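Asks: coords please:
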Amino acid sequence: MLNGQHLSGENNGFQMVSTEEKEEILRTYWCVPERQVQTSVVFADQQWFTVRFREMNKPLSS
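Replies: Residues are numbered from 1 along each chain as shown. Below is the predicted model of the structure:
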């Protein structure tokens, strides 16, 4: 929700990613100006969040 209004992706099973994840995604997969990185929002589905959670919680290899 932004300013009391649902963003369109939230109505279709998507959720907005964190600012840190948004910046990482935009810089990794797109070549966009810094201003666009600052003003963009990125949505992801539940599968993306599940995979991301697993990756972040993997035990470190020795």
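Asks: centre-most residue in the chain?
Replies: Closest residue to the average C-alpha location of the chain: Val17 at 3.0 Å, with C-alpha atoms, centre = their mean.
Asks: pLDDT score for it?
Replies: Note on Val17: pLDDT of 95.
Asks: buried stuff in the least confident helix or strand in the chain by mean pLDDT?
Replies: The helix or strand of the chain with the poorest confidence is helix 46-56; it has a mean of 88 (mean pLDDT, DSSP states H and E). Neighbour-count burial for helix 46-56, counted by 16 or more other C-beta atoms under 10 Å, picks out Trp48. To be clear about C-beta, it is placed using only N, CA and C from the backbone, and glycine gets the same treatment.
Asks: only alpha carbons, please: show it as CSV.
Replies: The C-alpha coordinates for helix 46-56 follow below in CSV (Å, rounded to 0.1, in the frame of the first residue of the first chain):
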residue,chain,number,x,y,z
GLN,A,46,5.6,-15.7,-3.6
GLN,A,47,7.9,-18.2,-5.4
TRP,A,48,10.6,-15.5,-5.7
PHE,A,49,10.3,-14.7,-2.0
THR,A,50,10.5,-18.4,-1.1
VAL,A,51,13.6,-19.0,-3.2
ARG,A,52,15.2,-15.8,-1.9
PHE,A,53,14.5,-16.9,1.7
ARG,A,54,16.1,-20.3,1.1
GLU,A,55,19.2,-18.8,-0.5
MET,A,56,19.7,-16.4,2.4
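Asks: residues in contact with that helix?
Replies: Gly13, Gln15, Glu21, Ala44 (C-beta atoms under 8 Å, 6 or more residues apart in numbering).
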